[in-house]
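Peer 1: let me see the structure of the following:
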Amino acid sequence: MKGAIAYGLVLRVNSNFANREIIVTTAVTLIIATTIIFGSTSGFMARVLLNKQDENQTAPKGVKEPLLIVTGKDTKKKQKQNAE
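Peer 2: Residues are numbered from 1 along each chain as shown. From the prediction side, this is the model:
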């Protein structure tokens, strides 16, 4: 969404503005680069941040523990069973 807004704003620059082509090219390059970089890391970040820990499951290599543990009904049931 940010890329679409940036692209729309850069296209509104007057055609007689000095170095308009360079500004448009730079904006499009940044939009494409950030989309590729952040899009390619989203799978890894989802695994790290949303890693559901089981007894047999370990964190990805290089990660000591997940930053966020998603708990659901099954986890709460297991906690109750372990407490009894």
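Peer 1: per-domain residue ranges of the protein.
Peer 2: What automatic domain parsing lists as the domains of the chain is 1-44, 50-84.
Peer 1: any idea which of the ones you listed scores lowest on pLDDT?
Peer 2: Sorting the domains of the chain by mean pLDDT places domain 50-84 lowest, at a mean of 61.
Peer 1: any buried residues in the longest helix seen in the chain, and which?
Peer 2: As assigned by DSSP state H, the longest helix anywhere in the chain is helix 20-49. Going by neighbour count (16 or more other Cβ atoms under 10 Å), the buried part of helix 20-49 is 27, 31, 48. C-beta here means a position set from N, CA and C on the backbone, and glycine is covered the same way.
Peer 1: could you say what helices and strands that helix packs with?
Peer 2: helix 2-11 (3 or more Cβ pairs under 8 Å, 6 or more residues apart in numbering; DSSP states H and E).
Peer 1: name the helices or strands packed onto the helix it packs on?
Peer 2: By 3+ Cβ pairs under 8 Å, 6+ apart, helix 2-11 packs against helix 20-49.
Peer 1: the helix it packs on vs helix 2-11, what angle?
Peer 2: 170 degrees (axes from the mean of the first three to the mean of the last three Cα atoms, to 10 degrees).
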